[in-house]
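Peer 1: I'd like to go over a predicted model; first the sequence, then the structure.
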Amino acid sequence: MNVLVLNCGSSSLKFQLVETDVDLMASDADTCKARGVVERIGSQALITLNAEGQPQRKLATALRDQGAALDFILRNLVLQPGAALPGISALSDIHAIGHRVVHGGEKFKKSVLIDSEVLRGIEECIELAPLHNPANLGGIRAARSLFGEGLPQVAVFDTSFHSSMPEEAYLYSIPYPLYRRHKIRRYGFHGTSHRYVAHRYRQLEGKEREATNIITVHLGNGCSACAIKAGNSVDTSMGFTPLEGLVMGTRSGDVDPSILEFLAHKEGMSLAEVDLLLNKQSGLLGLSGLTNDMRELLDEEREHGDRRARLAIDVFCYRVKKYVGAYLAALGGADALVFTGGIGENSAEIRRRICNELEWFGIALEPEANVAMTGGKEGVVSTAISRVKVYVIPTNEELLIARDTVRCVKAVPRRW
């Protein structure tokens, strides 16, 4: 099956065209035929297209909405004369569409075929993800308009992997009726990434799902940690929103909630302004005053000895280290610590700083292996005597979405 995977933001659209099926999944023979991103939708959009056997193309054109962006992608990849994607010459050669949907609330605990009831359920979750779910719905409706309602579409939720968390992990210690009325609880995000790397770890180790007890750490511009016991998420650092938990590119992570009222009083800020500050002006950017890009911060520290760049890096690594320690306690020990995400996969220095002084927990990096593990490589970076193996595993959320789409369309039980 050729599956079009869509990840729609408010002004962006990321996509992959993946050939996969039950037999291809079993042998890891899935193929990404094309991928790309459309940015600045609503104005002069910037488009990057990468197709199998073709040079990368970068274009700019005015695109008013998600529908126009999707139409542009399809015309330039599928319907463009001479595009010649293997096995694809018309829209009918796309057999299903998989959508990343950020929030499924408590309603959606697994990926589902999209029908009118599912659409209503995603709409009901808009108040939980007002910046994301409307854009995800826009992508679903745009695809229906272009392909017709006969083409199967599947929703894959960021939150569903974490639906296995027990009450003691997902409840906040606020009056319980507020949870009952408003569903205020920890939901967790990055679920597709944590689920994918947990599956890949099992493949590399030859373990069954029920024997998988690991900590996964997704470090990028957004960051989260996840404790996985017997293959299930039992705790995660992101909470009611993606703001909670680790220090991120522009998000603060954990803060004392009373800071909101304090800032409102001292700085004359509205609640919306405080929320903007914590989501868009904090994290690595706020601490360093320079950038939210970890690569640039490491360069500034190394080349210029910038104190605030070093401070931002130190706070970032310290917060991750605390969560690793907490999840080792929550799990009663773990077999592996897995790094993924742009920073987790590519920064040996950040991995080194996080794991430094964790030998007491049985975590010991092998320096040369750690330095060599970048640029899409996967494998073990811990020493042979480390009680907890340390892995680097590049994430592939789009592949997981494509595979879940096939499973839903063909009614194949999910194994991971």
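Peer 2: Cool, the structure landed. Residues are numbered from 1 along each chain as shown.
Peer 1: which parts of stretch 217-227 are buried?
Peer 2: Across stretch 217-227, burial judged by 16 or more other C-beta atoms under 10 Å covers 217, 218, 219, 220, 221, 222, 223, 224, 225, 226, 227. Yep, even glycine has a C-beta here, placed from its N, CA and C like the rest.
Peer 1: what's the farthest-apart pair in the residues you listed?
Peer 2: Taking every pair in those and measuring C-beta to C-beta, the maximum separation is 22.3 Å, between 221 and 227.
Peer 1: sorry, back to before: pick out whichever of the buried residues of stretch 217-227 sits closest to residue 96.
Peer 2: Distance to residue 96 across the buried residues of stretch 217-227 (C-beta to C-beta) is lowest for residue 218, with 26.4 Å.
Peer 1: And the next helix or strand past whichever strand or helix holds that closest one?
Peer 2: Assignment of secondary structure by DSSP states H and E places residue 218 within strand 214-219. Sequence-wise, the next helix or strand downstream of strand 214-219 (DSSP H and E) is strand 223-229.
Peer 1: Could you dump the buried residues of stretch 217-227 into CSV and include distance to residue 370?
Peer 2: Formatted as CSV, the buried residues of stretch 217-227 follow (distance: C-beta to C-beta, whole Å):
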residue, distance to residue 370
217, 14
218, 18
219, 14
220, 19
221, 22
222, 23
223, 19
224, 22
225, 19
226, 21
227, 23
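Peer 1: So which of these is the closest to residue 384?
Peer 2: Top of the list for closeness to residue 384, among the buried residues of stretch 217-227 and by C-beta to C-beta, is residue 217 at 22.0 Å.
Peer 1: from what I can see that closest one touches residue 321, true?
Peer 2: No. Because the distance of 10.2 Å does not satisfy C-beta atoms under 8 Å, residue 217 is recorded as not touching residue 321.
Peer 1: Tell me where the stretch 1-150 of the chain has helices.
Peer 2: Assigned by DSSP state H, counting those that start in this stretch, the helices in the stretch 1-150 of the chain fall at 22-27, 66-77, 116-124, 133-147.
Peer 1: meant to ask about the stretch 151-300 of the chain, not that
Peer 2: All helices of the stretch 151-300 of the chain, identified by DSSP H, counting those that start in this stretch, fall at 167-170, 176-182, 191-205, 258-267, 271-280, 283-288, 294-304.
Peer 1: Count the residues that sit near residue 103.
Peer 2: For residue 103, the tally of surrounding residues (other C-beta atoms under 10 Å) stands at 25.
Peer 1: So what sits opposite residue 389 in the bridge?
Peer 2: On DSSP bridges, the residues paired with residue 389 through beta bridges are residue 336.
Peer 1: Quick check: it vs residue 331, distance?
Peer 2: Residue 389 sits at a distance of 14 Å from residue 331 (criterion: C-beta to C-beta, to the nearest Å).
Peer 1: Where does pLDDT dip in the stretch 1-150 of the chain?
Peer 2: Applying pLDDT under 70 to the stretch 1-150 of the chain flags residues 80-84.
Peer 1: Could I get the full set of strands for it?
Peer 2: Applying DSSP state E, counting those that start in this stretch to the stretch 1-150 of the chain gives strands spanning 2-8, 12-19, 31-39, 44-51, 57-62, 96-101, 112-113.
Peer 1: Going by contacts, tell me the helices and strands next to the shortest one.
Peer 2: The one in question is strand 112-113. With contacts taken as 3 or more C-beta pairs under 8 Å, 6 or more residues apart in numbering; DSSP states H and E, strand 112-113 sits against strand 153-157, helix 397-410.
Peer 1: List the strands paired with that strand, with their directions.
Peer 2: Partner strands and pairing direction for strand 112-113 (DSSP bridges) are strand 153-157 (antiparallel).
Peer 1: try the third one
Peer 2: Within its sheet, strand 31-39 is paired with strand 12-19 (antiparallel), strand 44-51 (antiparallel), according to DSSP bridges.
Peer 1: Please enumerate residues in contact with that strand?
Peer 2: Residues outside strand 31-39 that contact it (C-beta atoms under 8 Å, 6 or more residues apart in numbering): 2, 11-20, 24, 45-52, 63, 69, 72-73, 77, 85-88, 398-399.
Peer 1: same thing with the shortest one?
Peer 2: Under the criterion C-beta under 8 Å, 6+ apart, residues 118, 152, 153, 154, 155, 408, 409 lie in contact with strand 112-113.
Peer 1: go with 6 Å
Peer 2: With C-beta atoms under 6 Å, 6 or more residues apart in numbering as the test, strand 112-113 has contacts from 118, 154, 155, 408.
Peer 1: What are the neighbouring residues in contact with the second one?
Peer 2: With contacts defined as C-beta under 6 Å, 6+ apart, the neighbours of residue 154 are 98, 111, 113, 405, 408.
Peer 1: State the pair within those that is farthest apart.
Peer 2: In the contacts of residue 154, the most distant members under the criterion C-beta to C-beta are 98 and 113, with 10.6 Å between them.
Peer 1: which of these two has more neighbours?
Peer 2: Set side by side, residue 98 and residue 113 give different neighbour counts by other C-beta under 10 Å, the larger being at residue 98 (30 against 14).
Peer 1: where does the residue nearest to that one when sequence neighbours are not counted sit relative to residue 122, distance-wise?
Peer 2: For residue 98, the nearest residue in space outside its immediate sequence neighbours is residue 405; the separation is 3.5 Å by C-beta to C-beta, 6 or more residues apart in numbering. With distances defined as C-beta to C-beta, the gap from residue 405 to residue 122 amounts to 16 Å.
Peer 1: same question, residue 79
Peer 2: Plainly put, residue 79 is 29 Å away from residue 122 if you go by C-beta to C-beta.
Peer 1: Not counting whichever helix in the chain runs longest itself, show me its contacts.
Peer 2: Across the chain, the longest stretch assigned as helix under DSSP state H is helix 307-331. By C-beta under 6 Å, 6+ apart, the residues outside helix 307-331 that reach it are 213, 215, 225, 227, 229, 235, 237, 246-247, 284, 287-289, 297, 300-301, 334, 353-354, 361.
Peer 1: Now do the contacts for residue 412.
Peer 2: Applying C-beta under 6 Å, 6+ apart, one finds that residue 412 lies in contact with residue 22.
Peer 1: and it, what pLDDT?
Peer 2: Among the per-residue scores, residue 412 shows a pLDDT of 77.
Peer 1: for it, helix, strand, or coil?
Peer 2: Three states are possible here, and by DSSP: H, G, I helix; E, B strand; the rest coil the one that applies to residue 412 is coil.
Peer 1: ok, now residue 333?
Peer 2: In terms of secondary structure, residue 333 is coil; the call rests on three-state DSSP.
Peer 1: Cool, thanks, talk later.
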